[in-house]
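K.L.:
Predicted model and sequence follow; I will ask about them next.
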Amino acid sequence: MDNLKNYVIRINNNSQTKNLVNDLLGTKIAGFETLENKRGLLFSKSEVERFIDEEERHDVKVLTKDSSQSLKSMSSGEQKKALLQYLLSSKPDFLVLINPFDNLDTTTRKK
């Protein structure tokens, strides 16, 4: 955390977002060489949906393993909080955040 850096990249096109995320997680973008050989994770609605699918199809609870509530039955804000807690507990070298504040209450946004 000594050399913590934050970047904001704004893109209006969803297909470009997917490509950008893949490139960032694969560290193939000029100017982001500091991410090379680092482990990155994705925080996005699509990741929540992926975990919901795993839970429904295979009864594999990752984000809700300590809860009696299914991920699908949670509010979208609760789903994002569960994903963020999971990602942070995984101790990645960096996170790629897609619309991180969507569906989060004011208190959570301040944390």
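P.N.:
Yep, it's here.
K.L.:
contacting residues around stretch 43-60?
P.N.:
21, 61-64, 70-72, 76, 79-80, 83-84, 87, 95-100, 102 (Cβ atoms under 8 Å, 6 or more residues apart in numbering). Placement of C-beta: from N, CA and C, glycine included.
K.L.:
Averaging pLDDT per element, find the lowest-scoring helix or strand in the chain.
P.N.:
Among the helices and strands of the chain, helix 106-110 carries the lowest confidence by mean pLDDT, DSSP states H and E, at a mean of 66.
K.L.:
Out of the contacts of stretch 43-60, which end up buried?
P.N.:
21, 63-64, 71, 79-80, 83-84, 87, 96, 98 (16 or more other Cβ atoms under 10 Å).
K.L.:
out of everything not next to it in sequence, what's closest to Q85?
P.N.:
Excluding its sequence neighbours, the residue lying closest to Q85 (Cβ to Cβ, 6 or more residues apart in numbering) is L63, at 7.9 Å.
K.L.:
Local confidence estimate at the residue nearest to the spatial centre of the chain?
P.N.:
Centroid check for the chain by Cα atoms, centre = their mean gives F43 as the closest residue, at 1.0 Å. On pLDDT, F43 comes in at 91.
K.L.:
picking up where we left off before, tell me who's in contact with the residue nearest to Q85.
P.N.:
Counting by Cβ under 8 Å, 6+ apart, L63 touches 51, 55, 71, 79, 82-83, 85-86.
K.L.:
Same question for L83.
P.N.:
Contacts for L83 were tallied using Cβ under 8 Å, 6+ apart; they are 43, 47-48, 51, 63.
K.L.:
again, only using 6 Å
P.N.:
If you count contacts by Cβ atoms under 6 Å, 6 or more residues apart in numbering, L83 has them with 47-48, 63.
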